[in-house]
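Trainee: Prediction below, plus the sequence it came from.
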Amino acid sequence: MALLAELSEGDATGELARIYQEMRVYFAVPYVSTLQRHVATMPGCLEWMWAAIKPGFVSGAMPETAWRLAGEIDLDPLPPISDSALRLLGVDAQGLETLHNVCDMYARVSPCNLMFSDCARLLMTGADGEGKDAGKAGWTPPAMVPELPPMPAMDALSPDAATVLMQLGSGLGGQVMVPGLYRYFARWPAYLAHVATELTPLMADERVRKAGLAMARRITEAAPGMVAKLPPVPTELPRPGPAETKAIIAALDMFKVTSPEMVIFSTLLKRALPDD
């Protein structure tokens, strides 16, 4: 199966490049997620969605609520990995710093994606904001996670590394969505193999599933209140059509599974690393 279609950050121009930059600012990460990069391949859709949802991020209400509701991860820790073991896996001191930053980024961006997904679903299925105050200046996003090196391209990976990555992905209509967390780890193929070995059993673990569902449910329950505070969706931007709406909702459903997974696994993996 092919990777999920997306518009890379390097290929974004004009209005989409501007939207990508705003998302980086208000999600407080140097990265635009696969969800938004996928929606950007559908003409006009990300423009409409961000115009509708942006006021909730500008005000800070959506990201702050999402981060708070993601809460603490109460699961058994992964076995700690030593500096020496990391070096044997190809990760030097600079790589260790990058791993910490990658884990921090996904622990921050994934709750935002859950909130973005729930609010987008409500807006695409008929809900509309009635607020007047959302989006006013006053909130300062936290300091952005440090800039990361480029995400490795799939076509530059060895066949084994690409196979391991695809095994960590989720299917959507003949395509595979591989979360960016794992794609960054492909910079260190041996470490990627270690992560896949550690995480694959946890992906089927009932305790992990329940923790993810509880996290997602808390954010889903907060979404209607967030949407109610938004101003009405700008009428000059056309809503996504029926085909695009169906495709986007299918992607949102996938992210309802993978985003809690990213919060949980980025947190557990960071805790298993030596101190930066």
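Mentor: Thanks, I have the structure now.
Trainee: Looks to me like His232 is in a helix.
Mentor: You called it His, but residue 232 is Pro. No - Pro232 sits outside any helix when classified using DSSP: H, G, I helix; E, B strand; the rest coil, being coil.
Trainee: Pretty sure Ala127 is one of the things it touches, is it not?
Mentor: No - between Pro232 and Ala127 there is no contact, the gap being 10.8 Å when judged by CB atoms under 8 Å. In short, each C-beta sits where N, CA and C put it, glycine included.
Trainee: quick one, which of the two is more surrounded?
Mentor: Using other CB atoms under 10 Å, the more surrounded residue of Pro232 and Ala127 is Ala127, with 17 against 11.
Trainee: contacting residues around the more buried one?
Mentor: By CB atoms under 8 Å, 6 or more residues apart in numbering, the contact set of Ala127 is 224, 227.
Trainee: can we see that at 7 Å?
Mentor: The neighbourhood of Ala127, defined by CB atoms under 7 Å, 6 or more residues apart in numbering, consists of Val227.
Trainee: What strand or helix carries it?
Mentor: In this assignment (DSSP states H and E), Ala127 forms part of neither any helix nor any strand.
Trainee: For the residue positioned nearest the centre of the chain, what is the enclosing helix or strand?
Mentor: In the chain, the C-alpha nearest the mean C-alpha coordinate belongs to Ser110, at 4.1 Å (CA atoms, centre = their mean). Secondary structure assignment for Ser110, by DSSP H and E: helix 93-124.
Trainee: Now the following helix or strand past that helix - C-alpha only, PDB.
Mentor: Stepping forward along the backbone from helix 93-124, the first helix or strand reached (DSSP H and E) is helix 159-167. What follows is the C-alpha trace of helix 159-167 in PDB, where atoms were taken according to Å, rounded to 0.1, in the frame of the first residue of the first chain:
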ATOM      1  CA  PRO A 159      13.900  -1.700   2.200                       C
ATOM      2  CA  ASP A 160      14.100  -3.100   5.700                       C
ATOM      3  CA  ALA A 161      13.600   0.400   7.300                       C
ATOM      4  CA  ALA A 162      10.700   1.100   5.000                       C
ATOM      5  CA  THR A 163       9.100  -2.200   5.800                       C
ATOM      6  CA  VAL A 164       9.400  -1.600   9.600                       C
ATOM      7  CA  LEU A 165       7.800   1.900   9.200                       C
ATOM      8  CA  MET A 166       4.900   0.500   7.200                       C
ATOM      9  CA  GLN A 167       4.300  -2.000   9.900                       C
END
